[in-house]
Structure formats: C-alpha cells, structure tokens
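S.K.: Sequence first, then the predicted structure, then my questions.
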Amino acid sequence: RIVLLLQQEVINRLLAEQAQRKYSSLSVEFFLRASVMQQLFIVPALAFNPPPRRTKTGVVAIEFAEEAPVDELEARVLRHTLQAAFRDKGKTLGDTIWKSRGLKGLLPDIRDVCDSDYNWLLKRPSELSVGRWLHITRALSAMVEADALPEGDEYEEEEMIEEDEDEEEEQQGKEKSA
C-alpha cells in the first residue's frame with residue numbers, strides 16, 4: 001500500500017472512470033494494477049508555506065494487486081496501445097494505434113490489423129472499459145506471439161522438405177547404381 005500527496009489534477013486522472021473527460025492511459029494502467037484506489041482527503045492550501053494560489057492538493061491511497069494482470073509482453077503492448085490511443089482521444093483506435101512505433105516493432109502487421117473489422121477498432125479510447133483494454137491487449141499480444149511463431153514453423157517445414165528431397169535423391173542414386 002502506498003499513500004501519496006499529489007496535485008488534485010493527477011488524482012482526478014488516476015480515479016477517472018470510462019467516459020469521463022479525465023479518463024486517460026494513467027487511469028487504465030492504475031485500475032489494472034491496483035486492487036483499491038481512493039482519495040483520502042484534500043489538503044488545504046494553508047498547510048503549505050507559502051500557500052499555492054491555484055493548485056489544489058490531495059492524498060490518495062493505492063493498494064496494488066498481488067499479481068499484475070498482464071505478463072511482460074502484454075504490459076509492453078498495453079503501454080504502446082494506450083499511449084497511441086490516448087494521444088488523440090477524438091479518433092478511433094483503428095485510426096491511431098497503427099501509428100505507434102512501439103507496436104509496429106512488436107507487430108509489423110499492425111496496419112493490417114487496423115484495417116480489419118474488429119469492433120473495438122471503431123471505438124474511441126474513452127469508450128473502452130478497463131476490462132475491454134485488457135481484452136484488446138491480450139488479443140494484440142496473441143497476434144504478436146503468433147506472428148513470431150510461423151517463422152520458426154516455416155523454417156522447420158522447409159528444412160524437412162529439403163531433407164525429404166535429399167533422401168529421394170539418395171534413393172534414386174542407389175537405384176541407378178543397382
């Protein structure tokens with residue numbers, strides 16, 4: 001458990017829920033990793049010397065979940081996806097996430113994914129719940145893993161075909177000599 005003294009603006013972003021104006025990548029990341037997150041109280045300006053004129057301050061308590069709901073690859077995919085999506089909140093995911101260099105590095109075919117007809121690609125980032133973000137992350141991570149697998153399988157398959165051809169040539173050579 002951590003207790004933090006933060007500007008009220010940051011606390012509002014942390015605690016923002018889906019469809020609220022302050023809902024951001026920070027909100028999604030913290031809701032995924034925290035089991036409990038609540039504002040304890042607002043600190044009056046008179047508690048500081050000199051007192052701030054415009055900045056409001058509050059105290060927030062965060063209890064983190066025992067286990068992160070995402071593995072290392074999913075965490076990278078989530079971060080890149082959230083950053084790209086929330087960079088331009090007014091656009092749909094299909095219009096924004098393909099521009100992420102980080103996602104392109106993990107999933108070179110991200111442009112093709114964005115041109116497909118997945119329902120979530122038609123949504124704006126603020127329209128997606130934390131659970132839906134987790135679902136999207138897992139779907140993209142599975143594509144990253146699947147994209148990495150065929151190369152090995154194709155290589156093994158090509159190797160097996162070459163071995164079969166070599167064996168056939170040997171058999172034909174033996175038959176000719178006999």
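M.R.: Received it, and whenever you're ready, just let me know what you need.

S.K.: make it CA atoms for all contacts and neighbour counts henceforth
M.R.: Noted.

S.K.: so Ile62, which of the three states?
M.R.: Reduced to three states with DSSP: H, G, I helix; E, B strand; the rest coil, the structure at Ile62 is strand.

S.K.: for Trp98, that is, sorry about that
M.R.: Secondary structure state of Trp98, per three-state DSSP, is helix.

S.K.: Return the residues in contact with it.
M.R.: Applying CA atoms under 8 Å, 6 or more residues apart in numbering, we find Trp98 in contact with 104, 110-111, 114.

S.K.: Would you point out which residue is most central in this protein?
M.R.: Nearest to the mean C-alpha position of the chain, counting by CA atoms, centre = their mean, stands Leu78 at 0.9 Å.

S.K.: tell me the contacts of that one?
M.R.: 133-134, 137.

S.K.: Verify the assumption that Leu5 is located in a helix.
M.R.: No. For Leu5, which was evaluated using three-state DSSP, the result is strand, with no helix membership.

S.K.: That one - nearest residue in space that isn't next to it in sequence?
M.R.: If you skip the residues right next to it in sequence, Leu5 has Val59 as its closest partner in space, 4.6 Å away by CA to CA, 6 or more residues apart in numbering.

S.K.: ok, Lys104 to Asn49 distance?
M.R.: For Lys104, the distance to Asn49 under the criterion CA to CA, to the nearest Å works out to 48 Å.

S.K.: who's more crowded, the two?
M.R.: Taking other CA atoms under 10 Å, Lys104 and Asn49 do not tie; Lys104 has more neighbours (15 against 7).

S.K.: Which element, helix or strand, includes the more buried one?
M.R.: Under the criterion of DSSP states H and E, Lys104 resides in helix 101-106.

S.K.: before we move on, the earlier item: for the residue nearest to Leu5, which three-state class applies?
M.R.: When classified by three-state DSSP, Val59 comes out as strand.

S.K.: For it, give the beta-bridge partners.
M.R.: The residues paired with Val59 through beta bridges, assigned by DSSP bridges, are Leu5, Phe41.

S.K.: residue ranges of the strands in the protein, please?
M.R.: Assignment of strands within the chain using DSSP state E yields the ranges 2-7, 34-43, 57-64.

S.K.: With mean neighbour count and mean pLDDT as extra columns, can I get these in JSON lines?
M.R.: Compiled in JSON lines, those are given as follows (neighbours: other CA atoms under 10 Å; pLDDT from 0 to 100):
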{"stretch": "strand 2-7", "mean neighbour count": "14", "mean pLDDT": "94"}
{"stretch": "strand 34-43", "mean neighbour count": "15", "mean pLDDT": "93"}
{"stretch": "strand 57-64", "mean neighbour count": "18", "mean pLDDT": "95"}
